[in-house]
Structures are given as structure tokens and as C-alpha cells.
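Q: Build me a structure from this.
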Amino acid sequence: MQILHTSDWHVGKRLMGRERLAEQAEMLDEIADVCDREGIELVLLAGDVFDTYTPSADAEELFYSKIKKIAGKHRAVLIISGNHDDGVRLSSIAPFAEEQGVYVVGNARTAVAVQPTNRRTRPTKSGKGYVVFENELGERVFVSMLPYPNEARFKEEKSELSYVERMQGWIAEGESGNTEQLPSIFMAHVFVAGGSVSEGEREIDLGGARAVPLSALPKSDYIALGHLHKKQKMGAGHCYYSGSPLQYSFDERPDKSVKVFRLTTAGVTDIKDVPLHSGRKLCRLKAATVADGERLLDEYPNALIELTLTLSAPLAKADSLRLYARENLVSLLTEIHADGNLVFESRKGLSDEALFDAYYKSAYNAEPKKEVKTLFLETLATLNET
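A: You can find the predicted model right below:
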């Protein structure tokens, strides 16, 4: 079976207030083209469909129209919720989506509906946390799923088990459905310990109780991960983060892609990254004068720019307004140097973790201890999820 793995679409996401729906529409059209060109039979979308629990009407309309195009007439699309998605809200479209070959799993206890269909790729068996797909050649693939397992979902079960232990229980429940030992995929939206992160991602999942050891994941033929925006391989097997299909922060690499591979009884073959070229590139640039900054903005008219000016005196308001009048300038940072020493650095655009580090160092003249930073980030994440 020919399969495409993608994740972290974040439909509706803005860049410092700037709308990016047009770029996302272009990107989703490109994924649909890849599906047609590569003969994709099954699409795996590993969470963070939307950027917020309550996406705008425009974001929802864009997603619904493009996911139908990606599914086409005969392929299947399997979606799990991520930490930015409301699993209940996302799953509410299931009765209608399934008619288009789109199957949505909002929590680990959800079973995909198995109904007659004329599609060439279709579900033939399902249970809590798993589904079996079959193509027109009779090739079958077993997929177990773990939507983002946040603390709120775990609190529904009164247990003394740790986060990882409870998550492993849900994984085992899904994996138990592979009674025929079919070629297998595990799809999850989690942070695997050791993963490389970008500035735009929530720092709380990077190292505390929610970091999942690679050893906790099942021994599937292919592991399709979502949550981290940088595409990367985890461990020695076929365990991958596909990465986001657009740049969503300035430290992300511009070479975005989707994973395409074939899975049969012989295992995973023909695995490759198919490049995506949609969307505007995000660039970080530095200039020593306002005039140099203007020249750089002229040089990259199609990119979205974070510009840092290294100056000997504060930036004049008139210069700031003139620079921000440029359509491609998203963020303007300044560093004020006197006698070769940095005396002021603007902090607009820094991550929550970086801002906390800077505050703690200024208040206590020391780096924050790991447990202090973890407590702060846990508290912040709890506030963000309520």
C-alpha cells in the first residue's frame, strides 16, 4: 500500500497577527497533487489539524474543502487530534467525513466506523484505537493510533499510574487489535524524548513528565509522529516526525516535505521525502543601519522577514514606521551597542521559555534551575489549555 505521512498543518495559524490562509490553501493543494502523482492510497495526518480549539469559520471552510480534494475519489485519509485541536469538535464531522473517505479519531477510545464503500482503499475492521485498511489489491495495513494524550484526558481515569504508564496502556489496547500480525503503523501526536524542537512549539512538552521515551512506543513497521515541526528520524527504525508543511517560526528550516513510503508484508520500502514548495519563506536578517535594513527588505520581497538592527542609539520612531510599512517585514528587533558592548536588546518575539530565562537572570543574577523552569512551563501550559 502506498502511504503519505504528514502532520501539524495548523490551519488558521497566524504569524505575529499576519493571516496565512492563502499560503495554507496553496500548501494543501500541493499535498493533493503529491497524492495524485505518487499514487497514494492512504494519507496519515498525525494531529494539529487546526491551530486553536476554536478555529475561525474561514479556517474550517478551508480545511473541509481541501481534505475532500486530498481524499479524492478513491483514497482514504486517517486523522488524529493534536494538542492544538479540540478532539470532540474535530470528531463531530466524522459521520459526514467518512462518506468522503476521511476518518477522524479524537481520542484513544474512538473506533472508526466500518461501512460499505466504493472507494479503492477502505476500512475493513476497527476497534478502540486501531483500524485496518484494505486496498483494491487486497493488501491490508493495521494502524493503531494515539491522539494527543493531555492531562485533562487522563484525569477522566482515576489511576496511580504515571503519564507514560497510562499512555502505554492505551497503546497496548490499540495494538491488541492486530491479531493477524498485519503490516503495522503506529500514529501518534506526542513528544518523544530527544526530539529537536522549534521556537513556535510549546516548551512544556520538551522535557517534563510529558516527554515519552522511544522505548514506550510499539515495535511497528512504521511510526508516524506529529507534534514537532522539524522533520526528523527517531531511533534506528522507521520512526519519523514528518514536520510541518509550512514554516511556522523563524528558526525552522525552509525545506518542508511530506513522507511517502510503501508498506507490504515485506515491510517498509521506497521511503522518501517529497519536497513542498508552497508558502512564503521565513528569514532572519541582520543589518547595521536602517538603510542596510531597507536594502535587505528590498532584496527578499517574497519572504517574511524578522529584521534585527544593531545600532549605537535607539531607533527613531519615524524609521520604525517606515520599516514596518514594508509588506514583508513581520518583526523588527533592535540591539543597542555602546563602546562595543550590548546595552539593550528588544525581546519582542522571544519564546515564553526565553523570556522566563531573561527575567530570572535579571532578577537573581543566575540561570533558573531546571525544576523551577519546568514548574513555570507546566503552569503556563495548564493556563493555555483551560
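Q: what are the ranges of the helices in this structure?
A: 21-37, 57-71, 87-91, 94-97, 151-154, 163-175, 290-299, 317-324, 352-364, 370-385 (DSSP state H).
Q: Least confident of the ones you listed, on average?
A: The minimum mean pLDDT among the helices of the chain belongs to helix 151-154 (a mean of 64).
Q: residues near residue 296, how many?
A: Using other C-beta atoms under 10 Å, residue 296 has 18 other residues around it. Backbone N, C-alpha and C define where each C-beta goes, glycine included.
Q: Isn't it up against residue 305?
A: Yes: the pair residue 296 / residue 305 is scored as a contact, 7.4 Å apart, by C-beta atoms under 8 Å.
Q: shared neighbours of the two, anything?
A: residue 285 (C-beta atoms under 8 Å, 6 or more residues apart in numbering).
Q: Output the helices of the chain as CSV; include the columns distance to residue 246.
A: Listed next are the helices of the chain as CSV, based on distance: least, C-beta to C-beta, whole Å:
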stretch, distance to residue 246
helix 21-37, 6
helix 57-71, 13
helix 87-91, 20
helix 94-97, 23
helix 151-154, 28
helix 163-175, 29
helix 290-299, 21
helix 317-324, 23
helix 352-364, 22
helix 370-385, 22
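Q: To residue 261, which of the ones you listed lies closest?
A: helix 21-37 (12.9 Å; C-beta to C-beta).
Q: Residues contacting that closest one, please?
A: Outside helix 21-37, the residues that touch it by C-beta under 8 Å, 6+ apart are 4, 6, 9, 11-13, 40, 43, 58-59, 62, 66-67, 69-70, 72, 75, 245-246, 258, 260, 274, 276-280.
Q: what's the spacing between it and its chain's center?
A: Averaging C-alpha positions (C-alpha atoms, centre = their mean, to the nearest Å) puts helix 21-37 16 Å from its chain's average.
Q: And stretch 259-268, by the same measure?
A: 23 Å.
Q: got the end-to-end distance for that stretch?
A: 12 Å (C-alpha to C-alpha, to the nearest Å).
Q: Repeat that for stretch 116-134.
A: First residue to last in stretch 116-134 (C-alpha to C-alpha) measures 12 Å.
Q: before we move on, what about stretch 111-128?
A: 5 Å.
Q: Can you say which of the contacts of helix 21-37 are buried?
A: The neighbour-count test (16 or more other C-beta atoms under 10 Å) marks 4, 6, 9, 11-13, 40, 43, 59, 62, 66-67, 70, 72, 75, 245-246, 258, 260, 274, 276, 278-280 as buried among the contacts of helix 21-37.
Q: quick one on the thing from earlier: closest to residue 253 out of the helices of the chain?
A: helix 21-37 (15.6 Å).
Q: Also compute the angle for the closest one relative to helix 57-71, please.
A: Between helix 21-37 and helix 57-71, the angle comes out at 10 degrees (axes from the mean of the first three to the mean of the last three C-alpha atoms, to 10 degrees).
Q: Quick check: buried residues in helix 21-37?
A: For helix 21-37, the neighbour count (16+ other C-beta under 10 Å) marks 21, 23-28, 30-32, 34-35 as buried.
Q: Check stretch 217-226 too.
A: Those would be 217-218, 220-226, for stretch 217-226 by 16+ other C-beta under 10 Å.
Q: Show me which of the residues you listed is closest to residue 267.
A: For the buried residues of stretch 217-226, the nearest to residue 267 is residue 221 (5.6 Å; C-beta to C-beta).
Q: Enumerate every residue touching the closest one.
A: By C-beta under 8 Å, 6+ apart, residue 221 lies in contact with 183-185, 238, 263, 267-268.
Q: Narrow those residues to those that are buried.
A: Buried among the contacts of residue 221 (16+ other C-beta under 10 Å): 183-185, 238, 263, 268.
Q: Save the residues you listed as TSV, and put in distance to residue 320 and pLDDT too.
A: Listed next are the buried ones among the contacts of residue 221 as TSV, based on distance: C-beta to C-beta, whole Å; pLDDT from 0 to 100:
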residue	distance to residue 320	pLDDT
183	58	98
184	56	98
185	51	99
238	49	97
263	54	98
268	52	98
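Q: Just the ones of the residues you listed in strands?
A: Of the positions in those, 184-185, 263, 268 sit in strands, assigned by DSSP state E.
Q: quick check, nearest of the contacts of residue 221 to residue 357?
A: Nearest to residue 357 among these, with distances taken as C-beta to C-beta, is residue 238, at 36.1 Å.
Q: Settle this for me: that closest one is touching residue 271, isn't it.
A: Yes: using C-beta under 8 Å, residue 238 is in contact with residue 271, at 6.8 Å.
Q: Could you name every residue contacting both of these two?
A: residue 261.
Q: who touches the closest residue to residue 139 other than its chain neighbours in this structure?
A: Computed as C-beta to C-beta, 6 or more residues apart in numbering, the closest residue to residue 139 that is not its neighbour in sequence is residue 1, at 5.0 Å. Residues in contact with residue 1 (C-beta under 8 Å, 6+ apart) are 41-42, 121, 133, 135, 139, 141, 183, 262-264.
Q: could you dump the residues you listed to a markdown table with distance to residue 337?
A: Shown next, in a markdown table, are those (distance: C-beta to C-beta, whole Å):
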| residue | distance to residue 337 |
| --- | --- |
| 41 | 58 |
| 42 | 55 |
| 121 | 60 |
| 133 | 60 |
| 135 | 62 |
| 139 | 63 |
| 141 | 58 |
| 183 | 59 |
| 262 | 56 |
| 263 | 56 |
| 264 | 61 |
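Q: and residue 247, how many residues sit next to it?
A: With other C-beta under 10 Å as criterion, residue 247 counts 25.
Q: List the contacts of the closest residue to it other than its chain neighbours.
A: Nearest in space to residue 247, with sequence neighbours left out and distances taken as C-beta to C-beta, 6+ apart, is residue 282 at 4.3 Å. Neighbour list for residue 282: 15, 247, 249-250, 252, 254, 303-304, 306, 330 [criterion: C-beta under 8 Å, 6+ apart].
Q: try it again with 10 Å
A: 15, 246-254, 303-306, 330-331 (C-beta atoms under 10 Å, 6 or more residues apart in numbering).
Q: Alright, I will stop here.
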